[in-house]
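S.K.: need a structure here:
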Amino acid sequence: MAELIAMAETNPKAAYDVGLRLLRGDGVQRNTYQAIEWMRKAGDRGDGAAQFALGRLYLLGFEEMGSDPAEAEAWLSRAAAKGNEEAKRLLPQAQAAKREAQDKYQERKDLKETYETMANNTAWVPTLPYNYAWSSSGWRQQSGRSRSR
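M.R.: The predicted structure follows:
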């Protein structure tokens, strides 16, 4: 394995093999973080198999790593540009997942901004009516829109 790692420093195909072995735990202790690091080195140096593997891993997620549609799209695009048919097939899924993730992010951001605005602007609170008022005979439902406090 030491020889393969030494080769992997300059050879993208060897870097992909190191990553794959670490991902599978084949002859080495399984380590998904290091596996992805080696695959990224291979993919950054143009290895199409590593680019496809990374795209698929980021699209589907893997163990403790959730999916990352933007990364999936980037890696699958690179693999598809090299002619990988499976990458071409998965690319629209990654693009749709990326749009969905962006939409959800925007919704959360809008909701947070609305909440912060409401929390920081409580001038409207005194105008809200109560539904019940206390009297000597206990709680009673109020009629109309009175503002008993």
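S.K.: Please name the nearest non-neighbouring residue to the most centrally placed residue in the chain.
M.R.: By Cα atoms, centre = their mean, the mean C-alpha position of the chain lies nearest to D68, the distance being 4.1 Å. Excluding the flanking residues, the one nearest D68 by Cβ to Cβ, 6 or more residues apart in numbering is Y58, at 4.6 Å. Every C-beta, even on glycine, is put in place using the N, C-alpha and C of the backbone.
S.K.: Now tell me what touches the strand or helix carrying that neighbour from outside.
M.R.: Secondary structure from DSSP states H and E places Y58 in helix 48-60. Helix 48-60 has contacts (Cβ atoms under 8 Å, 6 or more residues apart in numbering) with 12-13, 15-16, 19-20, 36, 39-40, 42-43, 65, 67-69, 71-79, 82-84, 86-87, 90-91, 93-94, 97.
S.K.: for it, what is the average pLDDT?
M.R.: Helix 48-60 carries an average pLDDT of 95.
S.K.: Right, I'll call it a day here.
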